[in-house]
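1. Whatever this is, show me its structure:
(one chain, ligands or ions: 1)
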Amino acid sequence: MLLNWFEKTPFGVSRARFNPGDGAHSQAPAVATKPRAQMRIGIPKTLNLWSTHQFWIGFLEALGIAKIDFSSDTSEEQAREFGKGRGTVDCCYPVKCMSGHYGEFLARKPHRKIDVLLSPMIYSLPSYLHGHVAASLTCPRVMAAPENIKSGFQKEKDMFAEHGIRYATPFVALGDRPIVPKQLYEGLRDFIPGLTKAETKKAVEAGFHALDTFNANMRQKSREIIEQCVREDKPCLLVLARPYHMDPGIGHGIETDLQAYGYPVLWSQYLPTDPDMLEWLFGADIATGHIKSPLDISDVWPSSYSANTNEILWGAKVAARLPWIVCVVRLSSYECGMDQPSYSPVQQIIERSGTLFFSFQDLDSTKPAGSVKIRVETIAHYLQKHAGEIIQKKKIDNPNGFPLVRQHEDSKP
Ligand code: SF4
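-> You can find the predicted model right below:
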């Protein structure tokens, strides 16, 4: 049974290949030194790369870049071996971890040496809630992280230059597609030889096509999981977190531990948005004028500016309405200023629906294996004891019938 799409992310699929503003921000010579067909570009697998990786792969492949490498998952060893002494002032653990990713690229053996380290400053994200929320911005700390972390490698001398690596950090608003070609052309023309505006535009289209296709596949897989739960009247779990919590070094693989108990795990970023399902979940709210569209979160989160936070709030609304999501697990990093205001609303939305809610806040470099194990066992115990009754109660609370079941039965020969 398909339990979790996590292991099917392109990071895993492409492991063999990947294993480890504007141009004014970048450390670049006037002319690139290698033709594209020989160029190896390294991308730190951190922060917003966890939800935009496919864009960068599609974009760079369309430009004919020979090799696109991602760094490894975050780990203690990575930080100790490659990031030590490179730290900069930032309280956020996911940002601090970038030092290890940068250092990992710098420490590569000559045959796998990268030519360009590409660490984009992503200002906004292509969220599926776009058009229904105020904005889809990234966390400011996340956006500024490439500039912040870079300074840790330029304290005494420029470590990038010392390793023959050019550092590119284009400023890009991925949530505003029309301006992306201009931003990436200006941010990368000094790094990619012969880059033109026209081919940048085409490459951006290819990047968004790759990202949209990947996201659609993930939503389809989530739908299949939900349909299976509906057919078998079985429970599943929803994780509400930022995309970088999929990194086992940031989220500590808590959802994987839960999945080992046999419960399928969904992530809010990839919940299905099929019209029939949205109508079933939110049709009554729209009919009463409570919300304007199924993706409207103004009823629970009026300051809808942060893409990740918006998706977490919408995921909470879905979990509250979908009977087979019997448990929500909230993950958050140490002293996350973006997440803190949403703790209470999310918890209230979930718990008022009778859905189990467990929260792992303040995740940082220390993986408290013992306490995580005990808490995972506790969650599994509650699931085993209460999942069935939660499904039945939520089904009674939802007077709209169950179209997923009908749809499945109708499609039988
Ligand atoms: S404030 Fe929160 S979202 Fe922003 S970088 Fe820190 S942990 Fe991540």
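2. and residue 145, what element?
-> Here residue 145 is covered by helix 140-151, with elements defined by DSSP states H and E.
3. mind listing the strands for the chain?
-> 40-43, 67-70, 116-118, 121-124, 166-168, 171-173, 236-240, 265-267, 325-333, 356-363 (DSSP state E).
4. Output the contacting helices and strands for the fourth one.
-> The reference is to strand 121-124. helix 140-151, strand 171-173 (3 or more Cβ pairs under 8 Å, 6 or more residues apart in numbering; DSSP states H and E). C-betas here are computed from N, CA, C, even on glycine.
5. CSV for these, including distance to the ligand and mean neighbour count?
-> Conversion of these to CSV gives the following (distance: least, Cβ to the nearest ligand atom, whole Å; neighbours: other Cβ atoms under 10 Å):
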stretch, distance to the ligand, mean neighbour count
helix 140-151, 4, 20
strand 171-173, 17, 22
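6. picking up where we left off before, quick one, which of the strands of the chain gets closest to residue 217.
-> Nearest to residue 217, of all those, is strand 265-267, at 13.6 Å by Cβ to Cβ.
7. Give me the neighbour count for residue 374.
-> Neighbours of residue 374 under the rule other Cβ atoms under 10 Å: 11.
8. Residue 196 too?
-> Quick note: residue 196 (other Cβ under 10 Å) scores 11 neighbours.
9. for it, what are its contacts?
-> Counting by Cβ atoms under 8 Å, 6 or more residues apart in numbering, residue 196 touches residue 185.
10. shift numbering so it begins at 40
-> New numbering, starting at 40: the last item is residue 235.
11. Test for you: state the pLDDT assigned to it.
-> Listed pLDDT for residue 235 reads 96.
12. Relative to the ligand, how far out is it?
-> To the ligand, residue 235 is 35 Å away according to Cβ to the nearest ligand atom, to the nearest Å.
13. For that residue, give its distance to residue 259.
-> Using Cβ to Cβ, to the nearest Å, residue 235 is found at 36 Å from residue 259.
14. what does residue 293 give?
-> Residue 293 is 25 Å from residue 259, by Cβ to Cβ.
15. of the two, who's got more company?
-> residue 293 (23 against 14).
16. still on that earlier bit, to residue 335, which of the strands of the chain lies closest?
-> When these are ranked by proximity to residue 335 (Cβ to Cβ), strand 275-279 comes first, at 18.2 Å.
17. Excluding its own residues, what touches that closest one? List them.
-> 264-265, 268, 284, 294, 297-298, 302-307, 310, 351, 354-355, 357-358, 363-370, 385, 422.
18. Go ahead and measure how far it is from the middle of the chain.
-> 15 Å (Cα atoms, centre = their mean, to the nearest Å).
19. Can you give me the buried ones in it?
-> For strand 275-279, burial by neighbour count (16 or more other Cβ atoms under 10 Å) applies to 275-279.
20. for residue 243, what are its contacts?
-> By Cβ under 8 Å, 6+ apart, the neighbours of residue 243 are 98, 216, 219-220, 223.
21. Skip the chain neighbours and tell me the closest residue to residue 303.
-> residue 275 (4.2 Å; Cβ to Cβ, 6 or more residues apart in numbering).
22. how much space between the one you found and residue 386?
-> Taken as Cβ to Cβ, the span from residue 275 to residue 386 is 19 Å.
23. for residue 162, same thing?
-> Taken as Cβ to Cβ, the span from residue 162 to residue 386 is 30 Å.
24. higher neighbour count, these two?
-> More crowded of residue 162 and residue 386, by other Cβ under 10 Å: residue 162, with 21 against 16.
25. Which pLDDT value goes with the closest residue to the more buried one other than its chain neighbours?
-> In space, and not counting its chain neighbours, residue 162 is closest to residue 212: 4.4 Å by Cβ to Cβ, 6+ apart. Note for residue 212: predicted pLDDT of 98.
26. rewinding a little: which of the strands of the chain comes out lowest on mean pLDDT?
-> Among those, strand 395-402 scores lowest, with a mean of 89.
27. Looking only at it, what residues are buried by neighbour count?
-> Quick answer for strand 395-402 (16+ other Cβ under 10 Å): 395-399, 402.
28. what helices or strands is it leaning on?
-> Partner elements for strand 395-402 (3+ Cβ pairs under 8 Å, 6+ apart): strand 364-372, helix 382-391, helix 408-436.
29. at 10 Å what do you get?
-> helix 132-135, strand 275-279, helix 287-290, helix 293-298, helix 346-360, strand 364-372, helix 382-391, helix 408-436 (3 or more Cβ pairs under 10 Å, 6 or more residues apart in numbering; DSSP states H and E).
30. Just the residues contacting the fourth one, thanks.
-> Counting by Cβ atoms under 10 Å, 6 or more residues apart in numbering, helix 293-298 makes contact with 42-43, 45-46, 275-278, 280, 284-285, 287, 292, 302-306, 366, 368, 370, 397, 399, 402, 406, 408, 411-412, 414-416, 418-419, 422, all of which sit outside it.
31. What degree of burial does residue 101 show, as a neighbour count?
-> 18.
32. next one: phi and psi at the residue of the stretch 140-289 of the chain at minimum distance from the ligand?
-> For the stretch 140-289 of the chain and the ligand, the shortest gap (Cβ to the nearest ligand atom) falls at residue 178, measuring 3.2 Å. Backbone geometry at residue 178, expressed as degrees, to the nearest 10, gives phi -60, psi 130.
33. need the contact list for it.
-> 86-87, 131, 133-134, 184, 281, 345-348, 375-378.
34. Among those residues, which one has the most neighbours?
-> residue 281 (31 neighbours).
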